[in-house]
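Participant: take a look and give me a structure for this.
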Amino acid sequence: MAWLNRKLYPFPVRTFRSSDGDMCYVDVGTGSPIVFVHGTPTWSFVWRHAIAKLSQQHRVIAVDHLGFGLSEKDPAAPYALADHARRFRAFIDALHLRDITLVVHDFGGPIALADAIERPGLYRRLVLCNTFCWPFVDEFAVPAPVNLLHGRLGEYLYTRLNLSPRWLLPIVFANRDTLTPDIHHQYTAPFADPSERQAPWQLVEELRPDNPWLAARWAQRDHIAKIPTLILWGTRDPIFPNHFLQRWRTLFQHARIATFHDAGHLIQEEASREYVKEIEQFLAS
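Facilitator: Below you'll find the model as predicted:
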């Protein structure tokens, strides 16, 4: 991985051999595990500030989904949400994890919360960062222009032009100055070749309103309602507006909530110190 910036991402990398291909992950520190789960088009790089800080006192694990980051990117592998969730569950089992603090962002929400919904006894705490776990219908329907990304046009834009990290990622920042060229390169470089871009493209297809897998997960949401939860939210998120946060408030009525009014979709980049501090305080409470 000649593109990997070891000054920004100095962590040792391990490999989990899933049934569909090799998934890379970070596992540093000791103690009860904190598992970080990214969305699209990001990878464990997005959690680097939290990994560096929290691993001083905790065991911190951050996995790259198949098709993302340092993980294998076989264009023939299955990349639907159900497939990512199945591999995440296998990853948790392979590491024999229990008493987990789960931190999710973006599509990492449904991918990892699916396991928490099915096996809530494994999870001690939840941290939700600008994420979802329901179909995109009614007031949660995606903006009309996003529907253009389905079908052949979307596939061309994603797989041939690398649309997601090159152009869409900067749009979701409230302050694009925080997305420096060096940092941006760490998000575009994993998808250098069109053959490596199937995973982001296939997740776009999951945005359809008739998604039975998401509907089934959300129907069982009460399974996790009593798990202590911290919600961290960038309020200038153009993808997941603040009514997404309100839906989470309804489920987790006793959640601790921290909002970041100068941040967009990626608080990990725009409020890197502040969001880590919030997690530290939550872990200590």
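Participant: this structure: strands as residue ranges?
Facilitator: For the chain, the strands defined by DSSP state E cover 14-18, 21-28, 33-37, 59-63, 100-106, 123-131, 229-234, 256-260.
Participant: can you tell which of the ones you listed is closest to Ala192?
Facilitator: Smallest distance to Ala192 across those (CB to CB): 16.2 Å, for strand 21-28. In short, each C-beta sits where N, CA and C put it, glycine included.
Participant: list the helices and strands the closest one packs on?
Facilitator: strand 14-18, strand 59-63, helix 81-94 (3 or more CB pairs under 8 Å, 6 or more residues apart in numbering; DSSP states H and E).
Participant: among these, single out whichever gets nearest to Pro170.
Facilitator: Once the helices and strands packed on strand 21-28 are compared by CB to CB, strand 59-63 is nearest, at 22.9 Å.
Participant: how about the closest one as CSV, C-alpha atoms only?
Facilitator: Extracted in CSV, the C-alpha atoms of strand 59-63 (Å, rounded to 0.1, in the frame of the first residue of the first chain):
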residue,chain,number,x,y,z
ARG,A,59,-8.5,-1.9,23.8
VAL,A,60,-9.4,-0.2,20.5
ILE,A,61,-10.4,-2.2,17.4
ALA,A,62,-11.2,-0.6,14.0
VAL,A,63,-12.1,-2.8,11.1
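Participant: so which residue is smack in the middle of the protein?
Facilitator: His38 (2.3 Å; CA atoms, centre = their mean).
Participant: quick check: that one touching Ser44?
Facilitator: Yes - assessed by CB atoms under 8 Å, His38 is found in contact with Ser44 at 6.1 Å.
Participant: shared neighbours, those two?
Facilitator: 62, 64, 69 (CB atoms under 8 Å, 6 or more residues apart in numbering).
Participant: residues contacting the first one?
Facilitator: Okay, so that is Ala62. 25-26, 35-38, 44, 47, 51.
Participant: that one bridge partners, please.
Facilitator: Val26, Phe36 (DSSP bridges).
Participant: gap between it and Val103?
Facilitator: Distance of Ala62 to Val103, given as CB to CB, to the nearest Å: 9 Å.
Participant: what do those two both touch?
Facilitator: What both Ala62 and Val103 touch, as defined by CB under 8 Å, 6+ apart, is the set 35-37, 47.
Participant: how many other residues sit next to the closest residue to Ala199 other than its chain neighbours?
Facilitator: Leaving aside its sequence neighbours, Ala199 sits nearest to Gly67 (CB to CB, 6 or more residues apart in numbering; 2.5 Å). For Gly67, the neighbour count with other CB atoms under 10 Å is 31.
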